[in-house]
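Trainee: generate a structure from the sequence data that follows.
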Amino acid sequence: MPKGKIWKPGYPPAEDINLNSPNKGLLSDSMTDVPVDTAVAAQAPAVEGLTDAEAEELRAELAKVEEEVVTLRQVLAAKERHCGELKRRLGLSTLEGLKQNLSRGWHDVQVSNAYKKTQETLSQAGQKTSAALSTMGSAISRKLGDMRNSATFKSFEDRVGTIKSKVVSGRENGSDNLPSPTGSGDRPVPDHTPF
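Mentor: Reported below is the predicted structural model:
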């Protein structure tokens with residue numbers, strides 16, 4: 001079909017204007033849409049409450065609107081082909097268009113009210129969690145400090161200090177042997193290693 005010509009109902013179709021077609025926007029030799037048969041619409045029974053004149057007027061308006069829809073589909077198909085041709089000439093690929101669409105979509109999500117409210121809620125939750133962990137850390141530090149100052153801990157610390165001083169003084173005297181818990185005196189502990 002030459003550019004600028006519009007298909008009219010009742011004439012043979014010349015272009016593919018099926019908007020769900022995988023070939024949408026590509027040049028084609030045939031049209032897959034079927035024009036609406038206005039004769040069938042004229043045979044439909046009138047709705048109750050409408051006069052024959054009103055029904056006929058509505059049918060005429062329906063036919064006119066259907067014709068406009070067909071025309072708009074053809075114009076849209078022509079614009080999509082033109083857009084595809086311009087993109088091809090500019091070297092823009094489908095992948096580039098997808099990137100742009102995703103970028104635009106992500107931007108739209110970020111400026112949406114739902115995203116902003118969710119982001120604000122998560123920020124507040126993070127701040128409250130941080131404050132709770134800080135408070136808990138302070139409480140644990142305080143409890144450990146209290147424990148260190150308790151009589152039980154002081155007693156344990158004194159015992160560890162006494163054992164440490166005995167070990168250090170025993171090594172300074174040249175003896176690596178520690179006193180045996182079994183009370184064997186100065187006898188060395190036998191070496192039972194197999195090698």
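
Trainee: buried stuff in the helix or strand that contains residue 154?
Mentor: Using DSSP states H and E, residue 154 sits in helix 151-172. Within helix 151-172, no residue is scored as buried using 16 or more other CB atoms under 10 Å. Where you see a C-beta, it was placed from the backbone N, CA and C, and this is true even at glycine.

Trainee: avg pLDDT for that helix?
Mentor: The average pLDDT within helix 151-172 is 82.

Trainee: only C-alpha atoms, please: export that helix in PDB.
Mentor: Provided in PDB are the C-alpha atoms of helix 151-172 (Å, rounded to 0.1, in the frame of the first residue of the first chain):
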ATOM      1  CA  ALA A 151      33.800 -11.000  94.800                       C
ATOM      2  CA  THR A 152      33.700 -14.200  92.800                       C
ATOM      3  CA  PHE A 153      35.700 -12.800  89.900                       C
ATOM      4  CA  LYS A 154      38.200 -11.200  92.300                       C
ATOM      5  CA  SER A 155      38.700 -14.600  94.000                       C
ATOM      6  CA  PHE A 156      39.200 -16.300  90.600                       C
ATOM      7  CA  GLU A 157      41.600 -13.500  89.500                       C
ATOM      8  CA  ASP A 158      43.700 -14.000  92.600                       C
ATOM      9  CA  ARG A 159      43.900 -17.700  92.100                       C
ATOM     10  CA  VAL A 160      45.000 -17.300  88.500                       C
ATOM     11  CA  GLY A 161      47.600 -14.800  89.600                       C
ATOM     12  CA  THR A 162      48.900 -17.200  92.300                       C
ATOM     13  CA  ILE A 163      49.300 -20.000  89.800                       C
ATOM     14  CA  LYS A 164      51.000 -17.700  87.300                       C
ATOM     15  CA  SER A 165      53.500 -16.500  89.900                       C
ATOM     16  CA  LYS A 166      54.300 -20.100  90.800                       C
ATOM     17  CA  VAL A 167      54.900 -21.000  87.200                       C
ATOM     18  CA  VAL A 168      57.100 -18.000  86.600                       C
ATOM     19  CA  SER A 169      59.100 -18.500  89.800                       C
ATOM     20  CA  GLY A 170      59.500 -22.300  89.000                       C
ATOM     21  CA  ARG A 171      61.000 -21.500  85.600                       C
ATOM     22  CA  GLU A 172      63.400 -18.800  87.100                       C
END
